[in-house]
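[1] Okay, here's the prediction I keep looking at, along with the sequence it came from:
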Amino acid sequence: MPNTFSVGLVQETAGSRDIASNVERAIAGVRAAHAKGAQIICLQELFNAPYFCKTLDITWFDLAEPIPGPTTQQLQALARELAVVLIVPLYEREAAGLYRNSAAVIDADGSLLGVYRKMHIPHDPLFEEKYYFAPGDTDGRALAAPGAVKESNGFRVFKTRYANVGVLICWDQWYPEGARITAMLGADVLFYPTAIGWHPAEKAEFGEAQVTAWRTIQRAHAIANGVFVASPNRVGFEAQPGTNGLEFFGNSTIYDPFGRILAEAGTEPAVLVATCNTALIEDTRRNWPFLRDRRIDAYGGLTSRYLG
């Protein structure tokens, strides 16, 4: 595996129910990232559909599809054509009545290495995800190419042609435990495909602080674990009957293991590319040996919900 690899993020709108047009926009973004030299390219959470979790509506279950399925097969062909690794987050139908917020990982030869299923599922106003998604867990039936996936209780790292890739999804990014375990599984880079935005009524008062908090937590994961972190978010206002809608704020960013910004976007569609060097992981961890100094004998309390 080479010392350097290049990461690409596609920040796009996906507010239309026209799935085909959303996919075509994402494919154009992948091609643009590849043209800039990206080898591992990540799309945003639920990339091919509107963020439908703003309300409870049983008809949205119709959007779910199996993995492998039509969308992953289309992206597998693209990965094979361009010799890129693709991280494809979409709504997965595992079985009748069992749906997941998932990300398929496709290697540069077009093979489907496996699936990560979002572990932490939020339940907040306009983010009613517990209605739509079962949480990820350790599942022996989950697709995984032999030798290509390391797993610990649902957290996964994928050995791709260019780097060891860890995938977590959106709400996962607020939990240091997920980042730590995925880093400990050997990830060179943590990807956080995301759909996060402003409630219009809150934007004026809390908008700047919310974006700052979102970016800070990811930067902290990079520093605390000595890994690269890359987070693509969606952009654009998405209306939904019965709500004031959500304005997705973009700000996709790539960080190095020292927490420095390698590439960042604003609030419009964008394609980001940055070169990563695994030697920097080694250098950072030698100088900040957080993994060495962990008191693993003292952390039993983390398996409790609360200790107060």
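    Here it is on my side, so go on. Numbers count the residues shown, from 1 in each chain.
[2] what about Ala279, which SS state?
    The three-state assignment at Ala279 reads helix, by DSSP: H, G, I helix; E, B strand; the rest coil.
[3] Not including adjacent chain positions, what is the nearest residue to it?
    Among residues not flanking Ala279 along the chain, Asn3 sits closest, at 5.7 Å (C-beta to C-beta, 6 or more residues apart in numbering). Quick note: C-beta positions are derived from backbone N, CA and C, even for glycine.
[4] Now do the contacts for the one you found.
    By C-beta atoms under 8 Å, 6 or more residues apart in numbering, the residues touching Asn3 are Asn277, Thr278, Ala279.
[5] Please name the nearest non-neighbouring residue to Thr13.
    The spatial neighbour of Thr13 that comes closest, neighbours along the chain excluded (C-beta to C-beta, 6+ apart), is Gly236 at 3.8 Å.
[6] got it, and Leu302?
    Glu177 (6.8 Å).
[7] and the helix or strand hosting that neighbour, how far out from the chain's middle?
    Counting by DSSP states H and E, the element that carries Glu177 is helix 176-184. Distance of helix 176-184 from its chain centroid, counting by C-alpha atoms, centre = their mean, to the nearest Å, is 14 Å.
[8] Following element in sequence after it, please.
    According to DSSP H and E, the helix or strand after helix 176-184 is strand 189-191.
[9] what comes into contact with that following strand?
    With contact meaning C-beta under 8 Å, 6+ apart, strand 189-191 is reached by 5, 7, 40, 42, 87, 103, 163-168, 179, 182-183, 221-222, 225, 227-232, 276.
[10] Only the buried members of those residues: can you turn that into a ChimeraX selection?
    In ChimeraX, this line selects whichever of the contacts of strand 189-191 come out buried by 16 or more other C-beta atoms under 10 Å:
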select :5,7,40,42,87,103,163,164,165,166,167,168,179,182,183,221,222,225,227,228,229,230,231,232,276
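[11] Show me what Gly236 is bridged to.
    Phe248 (DSSP bridges).
[12] Kindly give a single PyMOL line that selects the buried subset of the contacts of Asn3.
    To isolate the buried members of these in PyMOL, using 16+ other C-beta under 10 Å:
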select buried, resi 277+278
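[13] quick one: Asn233 from Arg219, how far?
    15 Å (C-beta to C-beta, to the nearest Å).
[14] quick one, which of those two is more surrounded?
    Asn233 (26 against 19; other C-beta atoms under 10 Å).
[15] Neighbouring strands of the lowest-mean-pLDDT helix or strand in the chain in the sheet, and parallel or not?
    Ranked by mean pLDDT, DSSP states H and E, the helix or strand of the chain with the weakest confidence is strand 149-152, at a mean of 93. With DSSP bridges as the test, strand 149-152 is paired with strand 155-159 (antiparallel).
[16] Other residues contacting the strand it pairs with?
    105, 113-114, 116, 119, 144, 147-151, 164-168, 178, 181-182, 185-187.
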